[in-house]
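**Q** Generate coordinates for the sequence data below:
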Amino acid sequence: MSTNLAFVRNDFLPAQQPPHAGSTTAGWLRKNLFATPKDSILTVIAIIAIVTLLPKALDWLFLSAIWVGADRTACLTVDQGGQLASGWSGACWAYVNNRFGQFMFGSYPKAELWRPLLVLFLFVALLIPLLIPKAPRKGLNALLLLIALPIVAYFLLLGGWFGLPEVETTLWGGLMVTLILSFVGIAVSLPLGIMLALGRRSTMPVLRSFSIAFIELIRGVPLITVLFMASVLLPLFLTPGNNIDKFLRALVGVSIFASAYMAEVIRGGLQAIPKGQYEAADALGLNYFQMMYFVVLPQAIKLVIPGIVNTFIGIFKDTSLVTIISMYDLLGIVKASFGDSGWQTPVTPLTGLIFAGFVFWIFCFGMSRYSAFMERHLDTGHKR
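**A** Numbering: from 1, shown residues only. Predicted coordinates for the structure are as follows:
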């Protein structure tokens, strides 16, 4: 039988050039900004808004802003003759510069500021190696950051030991309070949330019922309610003479609230793990704890990294609610400074709020970018 191979090519087709329209600036604009009439209209509106508002915003924030001054008069506009004119300048950054120490540390004594600065240095020195995937000794690093550092920070910040003068938590404030509350909330909520998520999926009725009740109860009320109960109602159940520090109550309230939300995020990751992974672990003879530690949890946590970081960002921003119990984080102490008659101007409140918002954005954006980096780094089993 003869075989006809006339339809089979003996050589490859030559490589073709990529589409010309997509490799030019005009092609990119057509694809991303003017693909449809709706996209074109939105693009034109956005361009008009940017051209109209951006120059004014830049002028107010930087060009017409006042950067140095001792009081509110520094932010008065100045005419060409050098005389103070009616009206006010752009952003009053002199006010932020004057209040910067208070915004960072609250009313912490100036002579003792080396203590929170030392804690901050230790925190950064331990956090950076933990965030670098190739850095060695991750276990020791995590132990120092999550166990040793909080103990050292407690003795340093509060004082009363080793010859350090005591600084009551009522004097703490500003960004220091925001970072402490968010760090403790994040460090506690992740392991506690994992335990609650495992408890909710447990086959033990008592453990499962307790986990469900705890999660649904905490998630069913706002954080303000939890903080109010921790600050006002908790002392009513204590014996006379026994009292819990208000700052510690805020730490407990924030940590409990974040743990309930973290538990649901982790549970979503556990449900996404195929049943075959559990069966494979059973086939290898692993017990429940070995199966969860070596097989299930690493995969589940990797899948829900965006949800975990989203919860972390929420914790960081929700620390502003501690003002309900008379504790002042960064935003609270900025708002409290508006009452200073020496800096009362029409531009002072907006300047202070922009500064606080920018600080919050820097931290939240950093967490978001690191989350994206970890997703790419850990995306080894779902490559397309």
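**Q** Who's the closest spatial neighbour of residue 210, skipping the chain neighbours?
**A** Nearest non-adjacent residue to residue 210, counting by Cβ to Cβ, 6 or more residues apart in numbering: residue 199, 6.8 Å away. In this view, the C-beta of every residue, glycine as well, is placed from N, C-alpha and C.
**Q** Okay, that neighbour and residue 300: tell me how far apart.
**A** 15 Å (Cβ to Cβ, to the nearest Å).
**Q** follow-up on the earlier one: residue contacts, the residue nearest to residue 210?
**A** Neighbour list for residue 199: 207, 208, 210, 211 [criterion: Cβ atoms under 8 Å, 6 or more residues apart in numbering].
**Q** quick one: what helix or strand has it in it?
**A** helix 175-200 (DSSP states H and E).
**Q** Skip ahead from that helix and say which helix or strand is next.
**A** Helix 175-200 is succeeded, C-terminally, by helix 205-219 (DSSP H and E).
**Q** So which elements touch that next one?
**A** helix 175-200, helix 246-272 (3 or more Cβ pairs under 8 Å, 6 or more residues apart in numbering; DSSP states H and E).
**Q** want to throw those helices into TSV with mean pLDDT?
**A** As requested, the helices and strands packed on helix 205-219 are arranged in TSV below (pLDDT from 0 to 100):
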stretch	mean pLDDT
helix 175-200	94
helix 246-272	92
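**Q** re the thing from before, list just the nearest of the contacts of residue 199 to residue 306.
**A** residue 211 (23.4 Å; Cβ to Cβ).
**Q** which residues of the chain score low on pLDDT?
**A** 1-8, 18-23, 78-86, 238, 240-242, 380-384 (pLDDT under 70).
**Q** ok, what's across the strand from residue 76?
**A** residue 88 (DSSP bridges).
**Q** Check whether it really touches residue 92, as I assumed.
**A** No - contact between residue 76 and residue 92 fails when scored by Cβ atoms under 8 Å: they sit 10.0 Å apart.
**Q** Looking at those two, which is more packed in?
**A** residue 92 (27 against 17; other Cβ atoms under 10 Å).
**Q** Residue 142 against residue 127, yeah?
**A** No - when contacts are counted by Cβ under 8 Å, residue 142 is not listed as touching residue 127 (10.4 Å).
**Q** I'd guessed residue 318 sits against residue 226; true?
**A** No - with contact defined as Cβ under 8 Å, residue 318 and residue 226 do not form a contacting pair (10.2 Å).
**Q** The nearest residue to residue 256 once chain neighbours are set aside and residue 262: what is the separation?
**A** Distances taken as Cβ to Cβ, 6+ apart put residue 218 closest to residue 256, at 6.1 Å, once the chain neighbours are dropped. To residue 262, residue 218 is 11 Å away according to Cβ to Cβ.
**Q** same question, residue 92
**A** Separation of residue 92 from residue 262 (Cβ to Cβ) stands at 40 Å.
**Q** how much space between the spatially most central residue of the chain and residue 182?
**A** Most central in the chain under Cα atoms, centre = their mean is residue 313, positioned 3.1 Å from the mean C-alpha point. Relative to residue 182, residue 313 is positioned 9 Å away (criterion: Cβ to Cβ).
**Q** Would you agree residue 178 is in contact with residue 332?
**A** No - in this structure, residue 178 is not within contact of residue 332 by Cβ under 8 Å, at 9.2 Å.
**Q** Look at these two and report which has more neighbours.
**A** residue 178 (26 against 23).
**Q** Not counting sequence-adjacent ones, nearest residue to that one?
**A** residue 329 (4.3 Å).
**Q** what about the one you found, how many residues close to it?
**A** For residue 329, using other Cβ under 10 Å, the count is 26.
**Q** who does it bridge with?
**A** Assigned bridge partners for residue 329, using DSSP bridges, are residue 174.
**Q** Tell me the spacing between it and residue 322.
**A** 6 Å.
**Q** overlap in contacts of these two?
**A** Joint contacts of residue 329 and residue 322 (Cβ under 8 Å, 6+ apart) are 177, 181.
**Q** what residues go with each domain of this protein?
**A** 109-167, 185-378 (automatic domain parsing).
**Q** now the strands: where do they sit in the protein?
**A** 76-78, 84-88 (DSSP state E).
**Q** could you pull out the helices for the stretch 251-384 of the chain?
**A** Listed in chain order, the helices of the stretch 251-384 of the chain (DSSP state H, counting those that start in this stretch) span 275-283, 288-291, 297-303, 305-318, 330-336, 348-378.
**Q** Out of those, which gets nearest to residue 98?
**A** helix 348-378 (10.6 Å).
**Q** what comes up buried for that closest one?
**A** 348-349, 351-352, 354-356, 359-360, 363-364, 367, 371, 374, 378 (16 or more other Cβ atoms under 10 Å).
**Q** got the angle between that helix and helix 175-200?
**A** Going by axes from the mean of the first three to the mean of the last three Cα atoms, to 10 degrees, helix 348-378 is angled at 40 degrees with respect to helix 175-200.
**Q** just the buried residues of helix 348-378 now: which is nearest residue 64?
**A** residue 351 (12.0 Å).
**Q** these two touch, right, the closest one and residue 92?
**A** Yes - at 4.8 Å, residue 351 counts as touching residue 92 under the criterion of Cβ under 8 Å.
**Q** Please identify every residue contacting each of the two.
**A** Listed as contacting both residue 351 and residue 92 by Cβ under 8 Å, 6+ apart is no residue at all.
**Q** Distance to residue 27 added to the domains of the chain, as TSV?
**A** What follows is these, written out as TSV (distance: least, Cβ to Cβ, whole Å):
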stretch	distance to residue 27
domain 109-167	37
domain 185-378	27
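**Q** if you compare those, which one is most tucked away?
**A** By mean neighbour count, with neighbours taken as mean count of other Cβ atoms under 10 Å, domain 185-378 ranks first of the domains of the chain at a mean of 16.
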